[in-house]
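*Asks:* Sequence and computational prediction follow.
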Amino acid sequence: MPVEEFMAGWISGALGLVLGHPFDTVKVRLQTQTTYRGIMDCMAKIYRHESLLGFFKGMSFPIASIAVVNSVLFGVYSNTLLALTATSHQERRAQPPSYTHVFVAGCTGGVLQAYCLAPFDLIKVRLQNQTESRVQPGSPQPRYRGPVHCAATIFQEEGPRGLFRGAWTLMLRDTPTLGIYFVTYEGLCRQYTPEGQNPSSATVLVAGGFAGIASWVTATPLDVIKSRMQMDGLGPKAYHGLLDCMLRVFPVLVGMSLAGNASSSPTGL
Ligand SMILES: CN(C)C(=N)NCCC[C@H](N)C(=O)O
């Protein structure tokens, strides 16, 4: 991959992260903490106690790692398609791969990117969950003083494997859902591009947006489990592993959506 493409990917990925991180912080807090009554309450509390900076906790490692993580995803996807179909990127417009091949290549990219992403994602989630204010004088010191201190503390307290806490759930989340991402993206591009031509920028934008929605809708249930497993290394353990966490969280999630009221669960989920 040429350096310019790598840098362009890094800058655009980083911009997307800066715009999305405040919403991601609210999502992570609602997934793992019981003190908020819903999205608006969470946003108001973060703003009041932690100022605007509270929404951006844990953002530096994702920005530093996004280019590498995305290169792994797209590089593995492209090379898996090459191995499955024996056609290069340029030849694929004339001879489009089957959706099964696209799905398998997307899943393969998903597994390997999840493995690279796991420690960075863990540190992000731990820092996002720190509610101590950095601006109010006299506030208690947070457990982690920054991403490097967080990584070092996890390493000391939970061992080297602690840095991969939640990695299996992350892989389970990203393997099928990145397959879904690439199938949706390919399908929409093919639908709206005349045969033999490259998709226009508008088509790429819209197809990427809808692919993102389709993959995140399917990824969200396991995303809840992943965030809970990642926070479970602190203090006494709440779950005896991934299956126990799924069995205890999913019935509550299903009950909440059937009742149509996501914020009034007695467990605070
Ligand atoms: C649809 N899915 C599951 C994905 N696109 N996965 C990769 C996302 C990584 C991202 N930094 C995150 O928010 O975890």
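*Replies:* Nice, I can see it.
*Asks:* For residue 72, give its distance to the ligand.
*Replies:* 11 Å (Cβ to the nearest ligand atom, to the nearest Å). Glycine gets a C-beta too; all of them are placed from N, C-alpha and C.
*Asks:* what does the stretch 151-269 of the chain put close to the ligand?
*Replies:* 173-174, 177-178, 181, 215-216, 219 (Cβ under 6 Å from any ligand atom).
*Asks:* Do you have the helices of this structure handy? List them.
*Replies:* Assigned by DSSP state H, the helices in the chain fall at 3-32, 39-50, 60-85, 99-128, 147-158, 167-191, 201-231, 242-259.
*Asks:* so what does the third one touch, helix or strand wise?
*Replies:* This points to helix 60-85. helix 3-32, helix 99-128 (3 or more Cβ pairs under 8 Å, 6 or more residues apart in numbering; DSSP states H and E).
*Asks:* Between helix 99-128 and the first one, find me the angle.
*Replies:* Counting by axes from the mean of the first three to the mean of the last three Cα atoms, to 10 degrees, helix 3-32 points 60 degrees away from the direction of helix 99-128.
*Asks:* okay, now residue 122: neighbour count?
*Replies:* By the criterion of other Cβ atoms under 10 Å, residue 122 has 28 neighbours.
*Asks:* Not counting sequence-adjacent ones, nearest residue to it?
*Replies:* Closest residue in space to residue 122, ignoring its immediate chain neighbours: residue 230 at 5.1 Å, by Cβ to Cβ, 6 or more residues apart in numbering.
*Asks:* give me every residue that touches that neighbour.
*Replies:* Residue 230 sits next to 121-122, 125-126, 165-166 when contact means Cβ atoms under 8 Å, 6 or more residues apart in numbering.
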